[in-house]
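**Student:** predicted model and sequence below, questions to follow.
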Amino acid sequence: MFRLKNPKIAVPVVLFAGLIWSFGPLVVRYMEDPQLIPWQYIFGRGLTIFILLNLYLFFEEGKDFYKNYFRIGLSGLIGGSGLGIAMISFMFSITNTSAAITLLCLAAMPFFTALLAFLFLREKISLNVWVSIIIATVGIGIMAIGNTSETSLIGFVFGITSSVGFSVFSVSLRWRKETPKFTTTAFAGFFCVVFASIMILSKDLVFFSSSYNSSLFSLHGTLVCLGLILYSIGSKAIPAAELTLLSLTEVIGGIFWVWLPLFGINEIPATNTIIGGFFLFISLTYYSLVMRWNKRYIGLN
């Protein structure tokens, strides 16, 4: 695998990865009636992620890449399942509430990760991190108050569930650091394929939507894989705390693209979303600043 050791080059690479991911919500907004075809979307995107990541592993590691699946262990199964649940919840969140709510819920992932690591790995949480968590909780609470309609509240709950799912994936990697991370992510795609297949068959639905929607399913999966590969290359040269701030590219970009009139969506965040998002950004900035001493690297491999 290509090794990037220069932080001056790694930073723009990670920023570009977040920029690629940020187009995901826009792709979903371009779909025809996405709320009516969630399982087809989850199946199509999961299949794309599974195929592309395995192809990437094949070109990187050769024909023996499949042996990674024998090394994922319990941590990989838990982490992959958590990531799969996060991917599934993302779809139900963004089709029931604004893209801003969904993305801001995902921005709270570092704090859910800290809490889960505290509960299950006995990792200590410093006073400064507790302050960040409290500030983030206030922001999430403000956003929740603004989601008064039933569908919007459902979207908010799924957004939080997605964030927790991503955190389970992160904690599973801390639990057993030798877990092959790309293989675990590919397993998450497989998890989505299997779960969606069960739901499609039980509901007597078709596996594929229109050719237009199916192409968007694959496009979103491709964006996820491309961003992940770039992120893995750049993250090895950047400390974990700084990655927290750099990852905000996805959140800011995602909110901006669906608002920008040029793309024809023109989705304007509600006042409570803006206020709650402000608290989240403050908490993330504070978290990153107080964690600058932490030179732990969390690059994927």
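**Tutor:** Perfect, thanks for sending it. Residues are numbered from 1 along each chain as shown.
**Student:** contacts only, for Met91.
**Tutor:** Counting by Cβ atoms under 8 Å, 6 or more residues apart in numbering, Met91 makes contact with 28, 34, 38, 41-42. All C-beta spots, glycine's among them, are computed from the backbone N, C-alpha and C.
**Student:** from those residues, which one has the minimum pLDDT?
**Tutor:** Scanning the contacts of Met91 for pLDDT, the low point is Pro34. It has 86.
**Student:** number of residues surrounding that one?
**Tutor:** The burial metric for Pro34, expressed as a neighbour count using other Cβ atoms under 10 Å, is 20.
**Student:** from Phe16, how far off is it?
**Tutor:** Counting by Cβ to Cβ, to the nearest Å, the separation of Pro34 from Phe16 is 26 Å.
**Student:** I'd like to know which elements the host helix or strand of Val28 is packed against.
**Tutor:** Using DSSP states H and E, Val28 falls within helix 24-29. The contact analysis (3 or more Cβ pairs under 8 Å, 6 or more residues apart in numbering; DSSP states H and E) places helix 24-29 against helix 73-94, helix 99-107, helix 211-235, helix 248-259.
**Student:** now do the second one against helix 73-94, angle only.
**Tutor:** The directions of helix 99-107 and helix 73-94 differ by 160 degrees, with axes from the mean of the first three to the mean of the last three Cα atoms, to 10 degrees as the criterion.
**Student:** show me what contacts the nearest residue to Val224 once chain neighbours are set aside?
**Tutor:** Take Val224 and drop its neighbours on the chain: the residue closest to it by Cβ to Cβ, 6 or more residues apart in numbering is Ile49, 5.8 Å away. The contact partners of Ile49, taken as Cβ under 8 Å, 6+ apart, are 185-186, 188-189, 192, 221, 224-225.
**Student:** could you identify which of these has the most neighbours?
**Tutor:** Each of those was scored by neighbours using other Cβ under 10 Å; the highest score is Cys192's, at 30 neighbours.
**Student:** state the distance from it to Leu121.
**Tutor:** Taking Cβ to Cβ as the measure, Cys192 falls 26 Å from Leu121.
**Student:** Thr179 now?
**Tutor:** Distance, Thr179 to Leu121, using Cβ to Cβ: 14 Å.
**Student:** neighbour-wise, which of these two wins?
**Tutor:** For Thr179 versus Leu121, the count of surrounding residues by other Cβ under 10 Å is larger for Thr179: 23 against 11.
**Student:** phi, psi of the spatially most distant residue from the centre of the chain?
**Tutor:** Going by Cα atoms, centre = their mean, the residue of the chain most distant from its centre is Asp204, 29.5 Å out. With angles defined as degrees, to the nearest 10, Asp204 sits at phi 60, psi 50.
**Student:** what's the answer for the one 5 residues further on, then?
**Tutor:** Ser209 adopts backbone torsions of phi -90, psi -160, taken as degrees, to the nearest 10.
**Student:** need the contact list for it.
**Tutor:** With the criterion set at Cβ under 8 Å, 6+ apart, Ser209 makes contact with 32, 37, 40-41, 44, 217.
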